[in-house]
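Visitor: predicted model follows, preceded by the sequence.
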Amino acid sequence: MVEQKAATHKLRFATATLLASVVLLTIFGLVMLYSTTSAASHQNFLVKQSVWIFLGMVFAVVISFVDYRRIGAASKWVLLLVALPLVYLASAHVLHFCGKYWVTELPFIASINGAFRWLRVGNFTLQPSEFAKPALIIYLAHYYGTNPRNVLSATKGFWRPMLVVGMVIILVLLGGSLSVTMITGMVVMAIMFIAGIRLRYLLLLISTGIILCAIVVGGSPERKGRLTSFRHPEATAEGNGYQLLMSQYALGSGGWIGVGFNESRLKERYLPESHTDFILAIVGEELGFTAVAGVMLMYLLVLGAALTVSTNALDREGMLLTAGVGLSIGLHALIHAAVVSGAGPTTGITAPLISYGGSSMLATWVGIGLLVSVIRTTIANSDADEEAAGRQRTPSFLAKDTQPLTLRS
């Protein structure tokens with residue numbers, strides 16, 4: 001009972017840490033979005049981002065009140081819901097590659113720079129591949145969580161779930177989103193490792209992923225250029241290395257305390273995508289290294305809260321689910337920081353809750369809702385067990401349903 005109370009206390013503290021961190025990151029993101037966009041487009045970007053934040057919070061609240069085990073039981077339907085738009089976009093990409101250029105006129109298709117990653121609904125665009133991560137996390141957590149002995153079987157422990165995972169990842173890749181594919185693959189491997197699949201299958205998965213990435217990168221001069229230029233961006237300053245070089249200039253010019261809020265000299269004319277893929281570089285330029293360190297600390301607190309929930313979850317499914325969500329957010333933040341600092345090639349990975357982008361924002365808040373769902377379910381179960389134990393310890397003459405004694409006259 002003492003251990004159960006300690007676990008509940010840890011979960012409540014993790015909840016407070018998680019919610020405080022994500023709210024601070026979200027507010028900070030809106031502030032930096034105001035700074036990184038031009039005066040003429042402030043309102044447009046802020047309104048759209050605020051709409052996505054509101055929708056994300058609504059989804060998170062709704063999900064948090066649903067038992068995560070029920071969500072896991074419906075994981076196949078969740079995957080189907082995510083797969084349908086992915087099939088639509090992948091088909092458009094393949095047809096366009098084959099010379100059928102009329103696909104750009106199909107309903108809801110938004111082709112940007114030749115990539116078919118987005119669906120357009122009115123003035124808003126949505127990237128379905130962002131939702132592949134939470135969908136696969138839910139599926140794998142339920143699959144390995146409810147059947148722990150599956151990991152001992154080659155068919156049930158590896159090949160069967162990999163058939164599902166492989167189809168989703170191929171659909172994401174056909175849509176032209178290599179960066180999302182890579183992060184999704186890393187999260188999948190992490191969940192399988194935590195679930196306890198045999199090491200040889202994990203090594204097979206890693207090898208397959210490396211070979212697949214090599215083929216995709218080798219077949220695209222642009223991706224190949226990004227990969228080879230990040231180590232010496234100055235050598236290709238007029239090509240693939242330009243964006244990364246400007247990002248390093250922005251970080252370096254900020255020093256410890258920055259040049260001042262909204263005083264960036266690089267964001268509008270020199271650093272493309274400063275409000276999305278390179279927003280952390282502008283944070284470093286305007287607010288300095290201390291602000292960048294503070295942002296990374298917030299992400300670390302989110303990851304720590306998720307892992308705390310994972311180690312104190314009600315069951316194996318909850319443990320895998322929260323670990324997957326936490327690692328997904330942590331990987332996004334880590335890779336974004338690596339890219340803007342020049343430690344990795346340009347990938348197009350956003351900073352969770354800070355960068356402009358509706359799909360990433362919605363997917364992140366869905367993950368937060370799943371974390372809170374596990375917390376609520378675990379605490380509710382703990383409180384019920386404690387109440388049941390209390391009734392068992394109560395003497396019969398003190399029980400609520402005992403009839404009061406009466407004196408006979």
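Guide: Ah, there it is.
Visitor: C-alpha from now on. contacts and neighbour counts both.
Guide: Will do.
Visitor: ok now the longest strand seen in the chain, how far from the chain's centre?
Guide: Across the chain, the strand with the greatest residue count (assigned by DSSP state E) is strand 115-121. Chain-centre distance of strand 115-121: 19 Å, with Cα atoms, centre = their mean, to the nearest Å.
Visitor: that one - contacts with which helices or strands?
Guide: helix 75-97, strand 109-112, strand 124-126 (3 or more Cα pairs under 8 Å, 6 or more residues apart in numbering; DSSP states H and E).
Visitor: against which helices or strands is the last one packed?
Guide: Put plainly, it is strand 124-126. Partner elements for strand 124-126 (3+ Cα pairs under 8 Å, 6+ apart): strand 115-121, helix 358-393.
Visitor: can you do 6 Å?
Guide: strand 115-121 (3 or more Cα pairs under 6 Å, 6 or more residues apart in numbering; DSSP states H and E).
Visitor: in this protein, where is pLDDT below threshold?
Guide: For the chain, residues meeting the criterion pLDDT under 70 lie at 1-2, 38-42, 112-115, 176, 230, 235-238, 383-409.
Visitor: could you give the number of residues near G219?
Guide: By other Cα atoms under 10 Å, the residues close to G219 number 11.
Visitor: and the angle for the longest strand of the chain with helix 75-97?
Guide: 120 degrees (axes from the mean of the first three to the mean of the last three Cα atoms, to 10 degrees).
Visitor: any buried residues in strand 115-121, and which?
Guide: Neighbour counts over strand 115-121 (16 or more other Cα atoms under 10 Å) mark A115, F116, R117, W118, L119 as buried.
Visitor: from the residues you listed, which is closest to V165?
Guide: Nearest to V165 out of the buried residues of strand 115-121 is R117 (Cα to Cα; 18.7 Å).
Visitor: doesn't G175 make contact with the closest one?
Guide: Yes: if you go by Cα atoms under 6 Å, R117 and G175 touch, sitting 5.3 Å apart.
Visitor: circling back: among the helices and strands packed on strand 115-121, which comes closest to F158?
Guide: The closest of the helices and strands packed on strand 115-121 to F158 is helix 75-97. By Cα to Cα, the value is 17.1 Å.
Visitor: can you name every helix or strand that that closest one contacts?
Guide: Looks like helix 75-97 contacts helix 160-174 (3+ Cα pairs under 6 Å, 6+ apart).
Visitor: mind redoing it with 8 Å?
Guide: With contacts defined as 3+ Cα pairs under 8 Å, 6+ apart, the packing partners of helix 75-97 are strand 115-121, helix 132-146, helix 160-174.
Visitor: quick check: angle from that helix to helix 160-174?
Guide: On the basis of the same axes, to 10 degrees, helix 75-97 is oriented at 40 degrees to helix 160-174.
Visitor: re earlier: overlap in contacts of R117 and G175?
Guide: Common neighbours of R117 and G175, counting by Cα atoms under 8 Å, 6 or more residues apart in numbering, are L89.
Visitor: A90 versus F261, what's the distance?
Guide: To A90, F261 is 41 Å away according to Cα to Cα, to the nearest Å.
Visitor: mind checking which of these two has more residues around it?
Guide: Between F261 and A90, counted using other Cα under 10 Å, the more crowded position is A90 (22 against 16).
Visitor: what strand or helix carries A293?
Guide: In the assignment (DSSP states H and E), A293 maps to helix 289-311.
Visitor: list the buried residues of that helix.
Guide: 289-292, 295-296, 298-311.
Visitor: can you check stretch 160-173 too?
Guide: Across stretch 160-173, burial judged by 16+ other Cα under 10 Å covers P161, M162, V165, V168, I169, L171, V172, L173.
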